[in-house]
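Asker: The amino acid sequence is not available; the structure is as follows:
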């Protein structure tokens, strides 16, 4: 039942499980994949997980999320400045009284904004261990060039007791800003859904390539995608194309494909339950990202048995695609992408080689793996809690 903007869990009453830890997670907005992992954690360990969102939905997002079953979710009132798709500033004074009421034993700040600084400050004053959750990397970090972003990192990171990191690149990013070595735990980013029961064969897929995600050039390379297809069409290779997603350059992308004589299926934004069918319908995901701290569409493609052609500007390219050989990574050069595309879908035998290690890759970013790693991160926080209590109880030495 939803009351007062919160979804209440029924863990204790319905499952007979004793809650051993109360955890508050403060984030920008809840996403389908973050909702899934935190809800799964609450279910498996029977702990009281409460997520506090600074916004119900960020402007460029189009997903719908079902009410969580095992955790609590609260959308905080407050001020919100959506600077860009990748930059949001939140000020939610309601967080502090909410934390006082819920009395968490661990706090997680899952973004860098004034609201998260307040969460960290509350944790310090209340002597509660706190951690950071991020998929950020040094390559995608605006803190190196922005005084404001740098100041927020300096305010939050050095005092953190633990960190939930989307990749080893995120661990290095936080250590750069002062996280103690050994406190960052890699928690793989998971899809919002499980792999399809049946993976379509090469011949069963009606489209050659798919583009999935925000339709913009600045971050996702949508017009570069169009340029590659247009160059192939000039050479007599008009591919069967599908585009899923929404964004400010959708009309321009459509016009460029039409000008090249390419008929494309353009779906617009899809809900999580619609993505497996779309991703399974193409032989190749073209992911020409210009800036992605991770790049979840790569995970989603691999779940569907779809090889990935990625750019080096998404962290998932080296750490998932190249690591497991489930695709190729090429610099954002039209000729390089034309050659790679034709190579990857040129024959069924060649196409199959990219999925030889699919099962290993899927196991690496499975929900079970991620929840286990999340528990390990919280265990570091628990150990810090014990240390802090010892510090409180220990008499100060006389000077």
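Answerer: Looks like it arrived, so ask away. All of these numbers come straight from a predicted model, not from anything done at the bench.

Asker: Now do the contacts for residue 80.
Answerer: Contacts for residue 80 (CB atoms under 8 Å, 6 or more residues apart in numbering) come out as 54-55, 88-91. In short, each C-beta sits where N, CA and C put it, glycine included.

Asker: Reformat the residues you listed as a markdown table; add pLDDT.
Answerer: Compiled in a markdown table, the contacts of residue 80 are given as follows (pLDDT from 0 to 100):
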| residue | pLDDT |
| --- | --- |
| 54 | 94 |
| 55 | 90 |
| 88 | 75 |
| 89 | 83 |
| 90 | 86 |
| 91 | 91 |
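
Asker: Of those - the most surrounded one?
Answerer: residue 54 (28 neighbours; other CB atoms under 10 Å).

Asker: Out of the contacts of residue 80, list just those in strands.
Answerer: Judged by DSSP state E, the contacts of residue 80 include 88-91 as members of strands.

Asker: helices and strands around the helix or strand where residue 301 lies, which ones?
Answerer: Counting by DSSP states H and E, the element that carries residue 301 is helix 296-303. Under the contact definition 3 or more CB pairs under 8 Å, 6 or more residues apart in numbering; DSSP states H and E, helix 296-303 sits against strand 207-212, helix 275-279, strand 282-287, strand 308-310, helix 316, helix 358-364.

Asker: That one vs strand 207-212, what angle?
Answerer: Helix 296-303 runs at 150 degrees relative to strand 207-212, counting by axes from the mean of the first three to the mean of the last three CA atoms, to 10 degrees.

Asker: Other residues contacting helix 296-303?
Answerer: 33, 189-191, 193-196, 212-213, 275-276, 279, 285, 287, 307-308, 310, 314, 316-317, 320-321, 324, 326-327, 358, 361-362, 365.

Asker: on that earlier part again, could I get the ones in strands among the contacts of residue 80 in CSV, plus columns for distance to residue 223?
Answerer: Output for the ones in strands among the contacts of residue 80, formatted as CSV (distance: CB to CB, whole Å):
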residue, distance to residue 223
88, 25
89, 28
90, 31
91, 35
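
Asker: list the buried ones in the host helix or strand of residue 100?
Answerer: Element membership of residue 100 [criterion: DSSP H and E] is helix 95-102. Going by neighbour count (16 or more other CB atoms under 10 Å), the buried part of helix 95-102 is 95, 98-99, 102.

Asker: Nearest to residue 129 among these?
Answerer: Closest approach between the buried residues of helix 95-102 and residue 129, by CB to CB: residue 99, at 13.7 Å.

Asker: what about the residue lying closest to the closest one once chain neighbours are set aside, how many neighbours?
Answerer: Distances taken as CB to CB, 6 or more residues apart in numbering place residue 122 nearest to residue 99, at 5.4 Å, with adjacent residues excluded. Neighbour count for residue 122, taken as other CB under 10 Å: 19.

Asker: Looking at the buried residues of helix 95-102, which two lie furthest apart in space?
Answerer: 95 and 102 (10.3 Å).

Asker: What is the helix or strand hosting residue 226 packed up against?
Answerer: Assessed by DSSP H and E, residue 226 sits inside helix 222-234. If you count contacts as 3+ CB pairs under 8 Å, 6+ apart, helix 222-234 packs onto strand 207-212, helix 250-259, helix 334-344.

Asker: what angle sits between the shortest one and helix 250-259?
Answerer: Looking back up the chat, that one is strand 207-212. Using the same axes, to 10 degrees: strand 207-212 against helix 250-259 is 160 degrees.

Asker: Stretch 225-245: which residues count as buried?
Answerer: 225-233, 238-245.

Asker: pLDDT below threshold where in the stretch 1-150 of the chain?
Answerer: Low-confidence segments of the stretch 1-150 of the chain (pLDDT under 70): 1-20, 82-86.

Asker: what sits against residue 312?
Answerer: Counting by CB under 8 Å, 6+ apart, the residues that residue 312 touches are 318, 329, 331.

Asker: Now, of those residues, which are buried?
Answerer: Buried among the contacts of residue 312 by 16+ other CB under 10 Å: residue 329.

Asker: Including secondary structure, could the contacts of residue 312 go into CSV?
Answerer: Converted to CSV, those look like this (DSSP: H, G, I helix; E, B strand; the rest coil):
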residue, secondary structure
318, helix
329, strand
331, coil
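
Asker: which among the contacts of residue 312 gets closest to residue 68?
Answerer: So of those, ranked by how close each gets to residue 68 (CB to CB), first place is residue 318, at 32.7 Å.

Asker: Just give the nearest non-adjacent residue to residue 223, would you?
Answerer: Residue 223's closest residue in space is residue 217 (CB to CB, 6+ apart), at 4.4 Å.

Asker: okay, the contacts of residue 312 in CSV with pLDDT and distance to residue 27 next?
Answerer: What follows is the contacts of residue 312, written out as CSV (pLDDT from 0 to 100; distance: CB to CB, whole Å):
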residue, pLDDT, distance to residue 27
318, 96, 26
329, 98, 29
331, 98, 33
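
Asker: closest to residue 118 out of the helices and strands packed on helix 296-303?
Answerer: When these are compared (using CB to CB), the closest one is helix 316, at 31.6 Å.
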